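J.: mind folding the following:
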Amino acid sequence: MTNPPHCGGWKGFCLASGSRKAGEMTSKQLTVVGGGLVGAAIAYGAASRGLSVRVLDQGDTAFRASRGNFGLVWLSSKGGGMPEYARWTRDAVGQWGGFHQELLDRTGVDSGLVQKGGFWLGFSEEEVQKRADLLAKIDREAGGIPFRMMEASEIRQYLPDIGPKVVGGSWGAQDGMANPLFLLRALHSGLKKAGADIISGIDVAAIEHNAAKGRFTARSGDGQGWTSDRIVVAAGLGVGELASQVGIHAPTVTTRGQVLITERLKPFMDYPTNKARQTAEGSVQIGSTTEDVGLDDGTTVEKIEWLARRAVDTFPALANARLVRAWGALRPLTPDGYPIYQESGTCPGAFAVVCHSGVTLAAIHANVIGPWMGGLTDAPPDVVPFNGKRFLDKNARFVRDH
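T.: Residues are numbered from 1 along each chain as shown. This next block holds a predicted model:
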């Protein structure tokens, strides 16, 4: 087995010479409500192509999904119930190499991308067979999503420290990992270099639409207002209420993910796995859980113990590692787990985005969604299946997949 070549084919769009300086206005302006990974990537995609962009960021009081993100750039198993999402994810991970290099060249911030493949590891033959059936179904229906099933003896050629409880797993050649917090920093740095206006500490409470002028005003709870020609609601758990004010149905639910971090260890894990990954600094990130607990972003002893036990079963050497941090974070999900990308039919120029895969999909959010929602390109046909109207069917039943 050989590692895939570095994904560096997509070079992105560079700022033209003589582009606007920070603070200058173009004839059109985009406001993005939400400065997390999803909102920042969309805003960056528009701003880096010359559009005047404003980001209204709730700041440190927000339920930052990036804090609980496991940091995987992951294609394997995505879209088991929706082939369109599998293809969307395939295209996103294919653009990550060029996106990473663009951010690094433009900002000097390394997003931490390592994209040389990743492993899903199973503890039973039944579990491994179920995984093989799922991956075969996805590749058959979506196309271009190869995988390879391996027995434990073969996996040990790449991850020699796996324990005896690992009976097999799958290899995804396009999978990898990044650092969610470094990625967020790179996006914000890129926004500033592109002249975008980032306003922090803003809790947007309402969106007003002036149909006669084709303008939108985002208002905070204390009455401040920011007006623009177009607006994107990418405010995580707050999307549903704000989107409804511009005629978009974008239901959201929450899921909590708890994550553990060990002390820095000597490198022993060359590839990320679904249960643990080693960062460039040497610490091991262990995760994550999926819990329906409302707005509780705390941690629990029960889940911390479960994560630690599973990690030790996977890599027994972790039994001697010291845990240094544990935290929980809330992620926004739709009822079926797949994204919403939608323009309002009644308030043209207003958009809503709900997405839990802020790391995996960051490149396509910048390259495709940002230019579209900024009015620089037509709506991509690939986003049609992600319209929130799919949730208006009262007879529909959704199984959450993410």
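J.: the residue lying closest to residue 113 once chain neighbours are set aside: how many residues sit nearby?
T.: Nearest residue to residue 113, sequence neighbours excluded (CB to CB, 6 or more residues apart in numbering): residue 100, at 4.1 Å. All C-beta spots, glycine's among them, are computed from the backbone N, C-alpha and C. Residue 100 has 26 neighbours, counted by other CB atoms under 10 Å.
J.: then residue 157?
T.: 9.
J.: returning to that earlier point: pretty sure the residue nearest to residue 113 sits against residue 177.
T.: No: counting by CB atoms under 8 Å, residue 100 does not reach residue 177; the two are 11.5 Å apart.
J.: and the helices in the stretch 151-300 of the chain?
T.: 152-155, 180-193, 239-244 (DSSP state H, counting those that start in this stretch).
J.: relative to residue 390, which of the ones you listed is closest?
T.: Among those, the nearest to residue 390 by CB to CB is helix 239-244 (14.4 Å).
J.: what is that closest one packed up against?
T.: Judged by 3 or more CB pairs under 8 Å, 6 or more residues apart in numbering; DSSP states H and E, the packing partners of helix 239-244 are strand 204-210, strand 230-233, strand 350-354.
J.: mind running it again at 6 Å?
T.: Counting contacts by 3 or more CB pairs under 6 Å, 6 or more residues apart in numbering; DSSP states H and E, helix 239-244 packs against strand 230-233, strand 350-354.
J.: columns distance to residue 96, mean neighbour count and mean pLDDT on top of those, output as a markdown table?
T.: What follows is the helices and strands packed on helix 239-244, written out as a markdown table (distance: least, CB to CB, whole Å; neighbours: other CB atoms under 10 Å; pLDDT from 0 to 100):
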| stretch | distance to residue 96 | mean neighbour count | mean pLDDT |
| --- | --- | --- | --- |
| strand 230-233 | 22 | 28 | 98 |
| strand 350-354 | 19 | 28 | 98 |
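J.: quick one: the nearest residue to residue 361 once chain neighbours are set aside from residue 351, how far?
T.: Nearest-residue entry for residue 361: residue 92, 4.7 Å, with adjacent residues in sequence omitted and distances by CB to CB, 6+ apart. Residue 92 sits 18 Å away from residue 351, taking CB to CB, to the nearest Å as the criterion.
J.: sketch out the low-pLDDT regions of the chain for me.
T.: 1-27, 60-68, 397-402 (pLDDT under 70).
J.: domain parsing for it?
T.: 29-81+181-251+335-392, 118-173, 253-333 (automatic domain parsing).
J.: can you say which of those is nearest to residue 106?
T.: domain 29-81+181-251+335-392 (5.5 Å).
J.: before we move on, the earlier item: for the residue nearest to residue 113, give me phi and psi.
T.: Dihedral angles of residue 100 (phi, psi; degrees, to the nearest 10) stand at phi -60, psi -50.
J.: and for residue 283?
T.: Note on residue 283: backbone dihedrals following degrees, to the nearest 10 are phi -70, psi 150.
J.: burial measure for it, as a count.
T.: Using other CB under 10 Å, residue 283 is surrounded by 18 other residues.
J.: contact partners for it?
T.: 261, 262, 264 (CB atoms under 6 Å, 6 or more residues apart in numbering).
J.: recalculate using a threshold of 8 Å.
T.: By CB atoms under 8 Å, 6 or more residues apart in numbering, residue 283 lies in contact with 261, 262, 263, 264, 265, 324.
J.: and for residue 319?
T.: So residue 319 contacts residue 312 (CB under 8 Å, 6+ apart).
J.: tally up the residues packed near the closest residue to residue 151 other than its chain neighbours, please.
T.: In space, residue 151 comes closest to residue 168 once its chain neighbours are excluded; the distance is 5.0 Å by CB to CB, 6+ apart. Each residue near residue 168 was counted by other CB under 10 Å, and the total is 22.
J.: mind checking which helix or strand the most centrally placed residue in the chain is in?
T.: The residue lying closest to the centre of the chain (CA atoms, centre = their mean) is residue 358, at 1.2 Å. Assessed by DSSP states H and E, residue 358 sits outside every helix and strand.
J.: do you know how far it is from residue 231?
T.: Residue 358 is 20 Å from residue 231, by CB to CB.
J.: quick one, which of the helices of the stretch 151-300 of the chain is nearest to residue 286?
T.: Taking these one by one with CB to CB, helix 180-193 is closest: 15.0 Å.
J.: buried stuff in the closest one?
T.: For helix 180-193, a neighbour-count test (16 or more other CB atoms under 10 Å) marks 180-191, 193 as buried.
J.: now do stretch 80-88: distance to the chain's middle.
T.: The chain centre lies 15 Å from the centre of stretch 80-88; the measure is CA atoms, centre = their mean, to the nearest Å.
J.: got it, and stretch 207-223?
T.: Per CA atoms, centre = their mean, the centroid offset for stretch 207-223 relative to its chain is 28 Å.
J.: repeat that for stretch 124-134.
T.: For stretch 124-134, the distance to the chain centre is 26 Å (CA atoms, centre = their mean).
J.: cool, stretch 203-212 as well?
T.: 27 Å.
J.: got the buried residues for that stretch?
T.: Here stretch 203-212 shows 204, 205, 207, 209 as buried, counting by 16+ other CB under 10 Å.
J.: check stretch 132-150 too.
T.: 132, 135, 138, 139, 141, 142, 145, 147, 149, 150.
J.: same question for stretch 330-340.
T.: 330, 331, 332, 333, 334, 336, 337, 338, 339, 340.
J.: now, the residues you listed that are in strands?
T.: 330, 331, 332, 333, 340 (DSSP state E).
J.: so what's the second one bridging to?
T.: So that's residue 331. Here residue 331 sits in beta bridges with residue 255, going by DSSP bridges.
J.: run through who's touching stretch 364-372.
T.: By CB under 8 Å, 6+ apart, stretch 364-372 touches 10, 12, 38, 41-49, 88, 91-92, 95, 99, 187, 341, 353, 355, 358, 377-380, 382-383.
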